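*Asks:* Return atomic coordinates for the entry below.
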Amino acid sequence: MVGERKRVLSLLCTAAAMLLAFSSAAQVPTLPAREQMLGLLERSALHRDQVDWAKLRGDLAATDDPARQRALLDAAIQRATAGHGRWLSAEDVDSRSRRISARQQRPVPSNASGIASRMAGLDARLGMVVVGPYLTDRRLSATQQSAKGQQFALDLQAAIHQQDDGSRCGWIVDLRQNSGGNMWPMLLGIGPFLHGRIDEATPVGYFNDGRNTQPWYYRLGLVSAGDQVHLSLADAAYVLKRPESPIAVLQSGRTASAGEAVALALRGRHASRSFGFPTAGYSTGNNPVTLMDGSLLVLTGTVMKDRNGMGDGASIIPDTSSRDGDDIEQAAQQWLLAQPACTGKQAAMVVAPSINVPR
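*Replies:* A predicted model of the protein is given here:
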């Protein structure tokens, strides 16, 4: 599945380059912004050694054709970020933000009601939370962006709270449709699940740029990278009635980027196990940088790792694999119900059942 996805991505990139080649109106950064972007990529892109930056600058200087310049820049960004980074013109940023805003303003069912029909098929002792993508409207002020992110996290924690009546002995966290975005509202939202019996001072994941490692924390109702607090619910944060409950994580080939960050944050937690398919393979950290002309560089500069320091920026392989996806929830439920928290037995963790693994 991953190989097929990468083949499709390659074809899409080729098609995009061909369209640019035939477009006389290709958008490119201004010369000062272009140099700013190249400097950032050359210094900080995760795979910066895959690009001959001097040659790229020479090729850019040798052509006045915007389509040719855009193709050169896109190709360099693809190589330097392994396909995770990108450049967006100011117009693209505005258009994307408008689409995000329109989508967020549509009336949608709450997290809890949105999974009601699927909850009906679960054992009454289990809870389920679906964590979807979260995209930031960059037209908003920093304060407004934080408020939106806090609301997303509050909605997730409210869904947990609503189900947590004291009878839940295990939980399913569904990341199968989480294609990414901003990881911090997601981590804040599932914060009640992240630590189990481990003290909150323990990191739940890491960024690594090849030289330095920066831990992720969920503690006291806030999420941070190192000492930098990204988002906080403070006293509004929820605490599980049974913090040590086992967690089953559902993932798929659509689980990408920030969705993969959530999967990594839960990996290595006491009594957790993942089910499904290998993720999309973008488990790397992006930093959006607004350039001097108002355009945006999405700069991929780090590899994401789990709390045990494991992670290579590629696909995350589930602990229990599936071939057709029809029985993922059933397998997760069977595993959860076999755990000591649900059986009441003080025993070692039971190995998850094997589901449709091709021989």
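
*Asks:* Looking at the protein, which helix is longest?
*Replies:* If you go by DSSP state H, the chain has its longest helix at helix 142-163.

*Asks:* Past it, which element shows up next along the chain?
*Replies:* Following helix 142-163 in sequence order, the next helix or strand is strand 170-174 (DSSP states H and E).

*Asks:* For that next one, which strands pair with it and how are they oriented?
*Replies:* strand 126-130 (parallel), strand 247-251 (parallel) (DSSP bridges).

*Asks:* so how far is the first one off the chain centroid?
*Replies:* Going by C-alpha atoms, centre = their mean, to the nearest Å, the spacing between the C-alpha centre of strand 126-130 and its chain's C-alpha centre is 19 Å.

*Asks:* ok, now stretch 132-141?
*Replies:* In terms of C-alpha atoms, centre = their mean, the centre of stretch 132-141 is found 14 Å from the chain centre.

*Asks:* shaky segments in the chain?
*Replies:* 1-24, 106-120, 197-198, 346-359 (pLDDT under 70).

*Asks:* Show me the strands in it, by range?
*Replies:* 86-88, 126-130, 170-174, 205-208, 213-219, 222-225, 228-232, 247-251, 272-276, 284-290, 296-305, 320-321 (DSSP state E).

*Asks:* re earlier: which one of the strands paired with strand 170-174 is the most hemmed in?
*Replies:* strand 247-251 (a mean of 27; mean count of other C-beta atoms under 10 Å). All C-beta spots, glycine's among them, are computed from the backbone N, C-alpha and C.

*Asks:* That one vs strand 272-276, what angle?
*Replies:* Here the directions of strand 247-251 and strand 272-276 differ by 30 degrees (axes from the mean of the first three to the mean of the last three C-alpha atoms, to 10 degrees).

*Asks:* how about a markdown table for the strands paired with strand 170-174, with distance to Gln330 added?
*Replies:* Output for the strands paired with strand 170-174, formatted as a markdown table (distance: least, C-beta to C-beta, whole Å):
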| stretch | distance to Gln330 |
| --- | --- |
| strand 126-130 | 12 |
| strand 247-251 | 11 |
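
*Asks:* who wins for proximity to Lys345 among those strands?
*Replies:* strand 126-130 (17.3 Å; C-beta to C-beta).

*Asks:* how far does stretch 61-69 stretch from start to finish?
*Replies:* Stretch 61-69 stretches 9 Å from its first residue to its last (C-alpha to C-alpha, to the nearest Å).

*Asks:* buried stuff in that stretch?
*Replies:* Buried residues in stretch 61-69, defined by neighbour count with 16 or more other C-beta atoms under 10 Å: Ala67, Arg68, Gln69.

*Asks:* Select from the residues you listed every entry located in helices.
*Replies:* Per DSSP H, the subset of the buried residues of stretch 61-69 in helices is Ala67, Arg68, Gln69.

*Asks:* will you turn the residues you listed into TSV that also has distance to Thr136?
*Replies:* As requested, those are arranged in TSV below (distance: C-beta to C-beta, whole Å):
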residue	distance to Thr136
Ala67	30
Arg68	32
Gln69	28
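
*Asks:* Nearest to Met183 among the residues you listed?
*Replies:* Among those, Gln69 lies closest to Met183 (C-beta to C-beta), at 32.2 Å.

*Asks:* ok now do the nearest residue to that closest one once chain neighbours are set aside, which residues does it touch?
*Replies:* In space, Gln69 comes closest to Val28 once its chain neighbours are excluded; the distance is 4.9 Å by C-beta to C-beta, 6 or more residues apart in numbering. By C-beta atoms under 8 Å, 6 or more residues apart in numbering, the residues touching Val28 are Arg34, Pro66, Gln69, Arg70, Leu73.
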